[in-house]
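Trainee: Give the three-dimensional model of this entry:
(2 chains)
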Amino acid sequence: MASILRFRKLCIVEPEKCSSMSYESYTNKVSERPKVKKNKRQQTKDWKCIDNCCWIIGYICTCWWLLLFLFNYLSANLPGLIRVAEPPGARLKREGLTALHPVVLVPGMVTGGLELWEGKPCSEGLFRKRLWGGGFTELFKRPLCWLEHLSLDNETGLDPPGIRVRAIPGLAGADYFAPGYFVWAILIENLAKIGYEGKNMHMAAYDWRLSFQNTEMRDQALSTLKSKIELMYLTNGQKKVVVVPHSMGVIYFLHFLKWVEAPPPMGGGGGSDWCSKHIKAVMNIGPAFLGVPKVVGNLFSAENKDVAFLRAMVPGLLDSKTLGFQTLEHAMRVCRTWDSVISLLPKGGETIWGNLDWSPEEGHVCDSLKKRKLQASLSSNKGNDNDSRMVFQVKEQTKYGRMISFGKAASELPSPQLSTLVSKGSSFGTASISCGKVWTEYDKMSHEKIIRVAENKAFTAKTLIDLLRLVAPKLMQRAEAQFSHGIAENLDDPKYDHYKYWSNSLETKLPNASDMEIYCMYGAGIPTERSYVYKLSPSDRCKSIPFQIDSSADGSSSSGCLKGGVYFTDGDETVPVLSAGFMCAKGWKGKTRFNPSGIATFIREYQHKPPTSLPSLLEGRALESSVHVDIMGNVALIEDVLRVAAGASGAELGRDRIHSDIMRMSERIDIRL
Amino acid sequence: MSFLRRRKAPENKKAPHPEPEPDVDDDDDDDEKKKNELKIKEKIPKKSEKRVKWSCVDNCCWFVGCVCTVWWGLLFLYNAMPASIPQFITEAITGPWPDPPGVKLQKEGLKAKHPVVFVPGIVTGGLELWEGHQCAEGLFRKRLWGGTFGEVYKRPLCWVEHMSMNNETGLDPPGIRVRPVHGLVAADYFIPGYFVWAVLIANLARIGYEEKTMYMAAYDWRLSFQNTEVRDQTLSRIKSNIELMVASNGGKKAVVVPHSMGVLYFLHFMKWVEAPAPMGGGGGPDWCAKHIKAVMNIGGPFLGVPKAVSGLFSSEARDIAVARAMAPGSLDKDLFHIQALQYLMKMTRTWDSTMSMIPKGGDAIWGGLDWSPEESYLSSKKRKQRTNATEVSGEDEDGSMESKATSINYGRLISFGKDMAQVNSAEIKRIDFRDAVKGSNVASNTCRDVWTEYQDMGIGGIKAVAEYKVYTAGELIDLLNFVAPKMMTRGSAHFSYGIADNLDDPEYAHYKYWSNPLETKLPYAPEMEIYSMYGVGIPTERAYVYRQAPSSECYIPFEIDTSAEEDDEDKCLKDGVFTVDGDETVPALSAGYMCAKAWRGKTRFNPSGIKTYVREYDHAPPSNLLLEGRGTQSGAHVDVMGNFALIEDVIRVAAGATGEELGGDRVYSDIFEWSEKINLPL
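Mentor: Predicted coordinates for the structure are as follows:
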């Protein structure tokens, strides 16, 4: 509209201007004009499409710059206009908190940056540039090269020959994942407000693709961490260290705790009192103690709910060869060389995750609306609330225990109607067709085999491991030398000295450190993937993954937990509450066989609140979010970490802070303690 | 442009078929003339109407659009271009590139063996903000020093405030925490595109080095060495890291590569680590022998840098003096309400570390009024001629030496007036400045918040300084004590500039002597090796001719006399600066003397007879565009780290070679000759 107006005005004003000059000059011009006329005509003809394009681009650019300038100018000069909430660090500083205990941050999977130290010719010019994290520009520029360099060797789980990709050390390794997407940055900034700096804050960066023991073999990452903690302990007046691991970092640090006290050839030789001497508290954020069901979907068919949803929206985008690039297959191939993924498989089998007919979370109501109704009804007739809840549970039990079921029906039927036969020991058919470059282990499976897998209908956490052994034998063979997923019968059995048990909280004892504190801090209130409904892929041709999530399976039952082929439960969008909270809620509470010295445990849950208004945004992510990664910007969590770092104990924080049903779920789990 | 437009409009009026347009919403057609014009306007045909709209704004937009499009096009082409094309083109022009030393040595079969520790020098290490005042909002963990220096332009005063230290303690001012960047990124590039350690790191990576076997010992280079331990525990950190690397690499000792001031810092570290616990690191007397294979000092100012004197005295170096001569007034005047030099001086004088580089050893090393070790030095051009000449007739050499010996008095580090720099010492009449009364400056409040200690001196003090005419290295310390008493009291608690008579005197156990090689013994580590690697062949500042600045109120009262120029070409006075052989910053004497003489064999400074090697790299200007245009044979102070010969030496030693295997000494300058002239009991 504005531009049209301007056109008009110009049409009028222009000639005016010209003729308002003296007439003599005007006539002069006219007499002169014919000379140039011809020339002029030609020029005007050229002023067409290209010029218009240029004009538009210029117009847009100018406007953009102007806005940018105004924005920069205004935001610098009008801080009062946008009221930014005071960061917790500044508030606590005024309360008088100062840096006391050194802090160690242990990043999780995926969030740590990786850089190239040696590569193939295709990676020319990327020396010490970020391959993982940062802008990911290379992913678009040379995708195959990128994938090649991020893969590990399929046999050893270590570097392929001629390629060295290493973790980026220091705080810069994981403060931001991509520009503008914070991971640790907010926490670091708040810690700095009360006096932390490089000398008393350490980021324990490690190559998160490797199995935990291999980070020590290849990079001496565990030794480095040990030496750093000892150094900080000494140089900060013998103050013990507060460790803040996140996500997979939690089990990595669990591994470290065992490693550091184990004798030298396999362990760090720190002696049996190393932990009690050096560590004040372990504040696990979003801990994946008992594994993450999401990983199952990832390993099995390289997809999760987002991918499945995308596939449902745009069928063919991911499957077909239209892009000449089989995204999922490539992703699967690369992921399966990363041993660390296996560390996140659900642990504890059917005891923890439930069997065909039972699961600890049953009775969970997903729909928030219904939940509110239920709560209302509960509070209205408190007298007989027990009965009413029972009724509810009986009515709508979601069978979470069936981690993978083929077909929606199989996920709902009572167990006697299922053929629970597990086809163990059946031999591999030979790969029917040679499948070119993309290599997933599915290519080695015969078609009948695949169908037989699907006929099994339902898999629990225990049979799931068998299933993975069947579909990805190499991966599991490699990984099972590094990780274990069971529950120990007798923890004093000498076999549990092996490092493969160290990262499984159900097969290790906590160190003997009665002064230490363990916190489980995680988000709740977000639907989190818990089990999947699968189907066979329509095309069973070569080079494709034969299974996919059945995104058409939607919940008919009133609990509404099934959506797009995925059953949801309470959690932080990645880790279910059960996995994050069980150890602190029950497995380690008091003196148990897993926690012989009675280390105090505290559960701190943070209820998810979506961003309400602009000022509460933190780079577009809410101040009170409790999503797996965003929770590191959660004000309440930051305050807890700061208080503990400044010397507070769990009792001073207010002990447990629970929003979910974790206590009730834990009660239902029948495990010897 | 506007002319074009003006012409276009009339053309429209003459256009053939008129088409009336009901454009009545636009007003003021009361005037006749305007009505006429309206009529003219109405005659405009629709087609040409489009053309009319190209007014000034549109033309601008069009222009911007064109530029943007072209720019994007080029950018796209540049990005789409295979990375090998620029190399291909330059290779076509200049011939094939030499293999970088890392690749060459990898082909020879060299592999990473000893862990490598880098110790960056002054200025080259990055500093980042951890806590700041209001004005530094949004700069948390952003680089204040190094990087793009964007903040210097955006908020200069804020920047100066945050970069300064406390004037009394030499530590952080209240409410400000600026800390060194950690890791290899701390000093690989100083600013984008200006490498420091990056080339060396890249070449080491070729033979298998990576983060776990390389360590950048970043420290806050503004602090005095002992204060880095007091505030940041940096020395403990280095000790712990070296121990860790040695342990996790199967007990292979570390090769340490310090650069510039890092050389002194590491000297301090070696004494610190073996000293007993409260003041030192408590590593025991064999720590160095157990953990260090070799110390490969690059461009080490063991005996100080004359440049540091002018920096402290009048906050200028040759470059600034030349700039002042070119554009007089731009630096002195209040033109921008920024007294750049004064602020600079105020800031740098709070940095204790600059005092570690004041020339050490006094007259014994740097020369007295009438002699200096380098007095026979000729500028490189002449030297070549001379060597040619001596090839022809060897006997002439003595004669020519004598004739030169009288010419330059390098020993006079600062002289007021060109004459004073040259006349015989007997003719100089000096009035001692030390007792001069400092007059209080009446107009000191006019200087606003810029405060340098010169404002306390008053006219009397300034005059007294100028009256003394000539200063040697020994008297220079007194001069600095006189003009900047606060700074020097702070500094002398951390550094010492003398020569020890008796090294066993318990007073030398104090940390202030640890960074002075003339007042400490090397650690007991007979298997260790010490290399002195530095560039030569570049004129390097050695002595200055000063004059009083014309306006001596708020300003720095002294400045380099850029008019002092030598008419004779082979004399080394230019723009008020006497130059000598070196790497543009450190004279060869300072970098080489310790390894060439004072530590050679078993001396009192080197009781265990640690082997020393002098490796010089003759400067050659860049012949191609390799290495960001800074040459692969450069000998300049920082650029020498891209020198292929030096990199090869470092890699060979890191892969296990000894100094003998490298070929022992490699000397281009007259360093041995000069060292002989220095009379120091060893």
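Trainee: mind pulling up the phi and psi values for A:Ile58?
Mentor: Heads up, residue A:58 is Gly, not Ile. With angles defined as degrees, to the nearest 10, A:Gly58 sits at phi -60, psi -40.
Trainee: Leaving out sequence neighbours, find the closest residue to it.
Mentor: Setting aside the residues directly before and after it, A:Gly58 is nearest to B:Gly65 in space (CB to CB, 6 or more residues apart in numbering or on different chains), at 2.9 Å. For glycine as for every other residue, the C-beta is placed from the backbone atoms N, C-alpha and C.
Trainee: next one: B:Pro557
Mentor: The spatially closest residue to B:Pro557, leaving aside those adjacent along the chain, is B:Ile462, at 4.5 Å (CB to CB, 6+ apart).
Trainee: related to what we said a few turns ago, roughly how far out does the strand or helix carrying the residue nearest to A:Gly58 sit from the chain middle?
Mentor: Assigning secondary structure by DSSP states H and E places B:Gly65 in helix B:56-80. Averaging C-alpha positions (CA atoms, centre = their mean, to the nearest Å) puts helix B:56-80 39 Å from its chain's average.
Trainee: For it, buried residues please.
Mentor: By neighbour count with 16 or more other CB atoms under 10 Å in any protein chain shown, helix B:56-80 contains the buried residues B:58-59, B:61-62, B:64-66, B:68-69.
Trainee: Export these to CSV and append columns for pLDDT.
Mentor: Putting the buried residues of helix B:56-80 into CSV (pLDDT from 0 to 100) gives the following:
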residue, pLDDT
B:Asp58, 76
B:Asn59, 77
B:Cys61, 78
B:Trp62, 78
B:Val64, 80
B:Gly65, 81
B:Cys66, 81
B:Cys68, 82
B:Thr69, 83
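Trainee: With distance to B:Gly126 as extra columns, can I get the residues you listed in CSV?
Mentor: Listed next are those as CSV, based on distance: CB to CB, whole Å:
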residue, distance to B:Gly126
B:Asp58, 46
B:Asn59, 45
B:Cys61, 41
B:Trp62, 43
B:Val64, 36
B:Gly65, 39
B:Cys66, 40
B:Cys68, 34
B:Thr69, 37
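Trainee: hmm, back to that, surely the residue nearest to B:Pro557 is in a helix?
Mentor: Yes - assignment of B:Ile462 by DSSP: H, G, I helix; E, B strand; the rest coil places it within a helix.
Trainee: number of nearby residues for it?
Mentor: 22 (other CB atoms under 10 Å in any protein chain shown).
Trainee: quick one: the helices in the stretch 51-200 of chain B?
Mentor: Listed in chain order, the helices of the stretch 51-200 of chain B (DSSP state H, counting those that start in this stretch) span residues B:56-80, B:84-94, B:101-108, B:150-154, B:156-163, B:198-206.
Trainee: who touches the residue of chain B found nearest chain A in this structure?
Mentor: For chain B, the residue positioned closest to chain A under CB to the nearest CB is B:Gly65, at a distance of 2.9 Å. For B:Gly65, the residues meeting the contact criterion (CB atoms under 8 Å, 6 or more residues apart in numbering or on different chains) are A:53-59, A:61.
Trainee: Mind doing that once more with 7 Å?
Mentor: The contact partners of B:Gly65, taken as CB atoms under 7 Å, 6 or more residues apart in numbering or on different chains, are A:54-58, A:61.
Trainee: One more: B:Ile610?
Mentor: Taking CB under 7 Å, 6+ apart as the criterion, B:Ile610 is in contact with B:522, B:525-526, B:528-530, B:599.
Trainee: where does A:Glu115 sit relative to chain B, distance-wise?
Mentor: Spatial separation of A:Glu115 from chain B under the definition CB to the nearest CB, to the nearest Å is 9 Å.
Trainee: now do A:Ile545
Mentor: 33 Å.
Trainee: So that residue, which state does it fall into?
Mentor: In the three-state summary, A:Ile545 is assigned as coil, counting by three-state DSSP.
Trainee: what ranges of the stretch 351-500 of chain A fall below the confidence cut-off?
Mentor: Filtered on pLDDT under 70, the stretch 351-500 of chain A yields the residue ranges A:363-398, A:411, A:413-448, A:456.
Trainee: which stretches of it form helices?
Mentor: A:368-380, A:385-395, A:408-412, A:447-455, A:461-471, A:473-480.
Trainee: pLDDT score assigned to A:Tyr233?
Mentor: In this model, A:Tyr233 is scored at 92, pLDDT.
Trainee: Do I have it right that it meets A:Val241?
Mentor: Yes - with contact taken as CB atoms under 7 Å, A:Tyr233 and A:Val241 are classed as touching, separated by 6.1 Å.
Trainee: what's B:Tyr613 in contact with, if anything?
Mentor: Contact analysis of B:Tyr613 by CB under 7 Å, 6+ apart lists B:529, B:531, B:595, B:659, B:664-665.
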